[in-house]
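Student: following is a predicted model, sequence given first.
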Amino acid sequence: MNWLAWSLLAAVFAGITAILAKVGVKGVDANLATAVRTTVILVFAWGVSLATGPVGAMYDF
């Protein structure tokens, strides 16, 4: 994938993060809402990482 595809993916994930920040967190503690959003983003980031390359490559320094 080239830089344009990565930048579009970053924009999509930023949009998802903003939507999660605005929707469904009324009446929820701010720290809990931040933890949930962070967890969702981490899951997406690991998914992209695992889908685009071999897992063993993460340990090659």
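Tutor: That came through fine. This structure is a prediction, so every number in the text was calculated from the model and none was measured. Numbers count the residues shown, from 1 in each chain.
Student: just give me the neighbour total for A18.
Tutor: A18 has 11 neighbours, counted by other Cβ atoms under 10 Å. Where you see a C-beta, it was placed from the backbone N, CA and C, and this is true even at glycine.
Student: can you point out the helix or strand that includes it?
Tutor: According to DSSP states H and E, A18 maps onto helix 3-22.
Student: can you list contacts of that helix?
Tutor: Under the criterion Cβ atoms under 8 Å, 6 or more residues apart in numbering, residues A33, V36, R37, V40, I41, F44, A45, V48 lie in contact with helix 3-22.
Student: with stretch 34-43 instead?
Tutor: Stretch 34-43 is contacted from outside by F13, I16, T17, L20, A21, using Cβ under 8 Å, 6+ apart.
Student: what comes up buried for the helix or strand harbouring W46?
Tutor: When elements are defined using DSSP H and E, W46 is found to belong to helix 30-52. Judged by neighbour count using 16 or more other Cβ atoms under 10 Å, the buried positions of helix 30-52 are A33, R37.
Student: next one: it to chain centre, how far?
Tutor: In terms of Cα atoms, centre = their mean, to the nearest Å, the gap separating the centre of helix 30-52 from the centre of its chain is 4 Å.
Student: C-alpha coordinates for that helix, CSV please?
Tutor: Taking Å, rounded to 0.1, in the frame of the first residue of the first chain, the C-alpha atoms of helix 30-52 are listed here in CSV:
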residue,chain,number,x,y,z
ALA,A,30,-15.1,10.5,30.9
ASN,A,31,-12.3,8.1,31.9
LEU,A,32,-14.3,5.1,31.0
ALA,A,33,-15.3,6.6,27.7
THR,A,34,-11.7,7.3,26.9
ALA,A,35,-10.7,3.7,27.8
VAL,A,36,-13.4,2.3,25.6
ARG,A,37,-12.4,4.5,22.6
THR,A,38,-8.7,3.6,23.1
THR,A,39,-9.5,-0.1,23.2
VAL,A,40,-11.5,0.1,20.0
ILE,A,41,-8.6,2.0,18.2
LEU,A,42,-6.0,-0.5,19.5
VAL,A,43,-8.1,-3.4,18.1
PHE,A,44,-8.4,-1.7,14.7
ALA,A,45,-4.7,-0.8,14.7
TRP,A,46,-3.7,-4.4,15.5
GLY,A,47,-6.1,-5.7,12.9
VAL,A,48,-4.5,-3.5,10.2
SER,A,49,-1.0,-4.5,11.4
LEU,A,50,-1.8,-8.2,11.3
ALA,A,51,-3.6,-8.0,8.0
THR,A,52,-0.8,-6.2,6.1
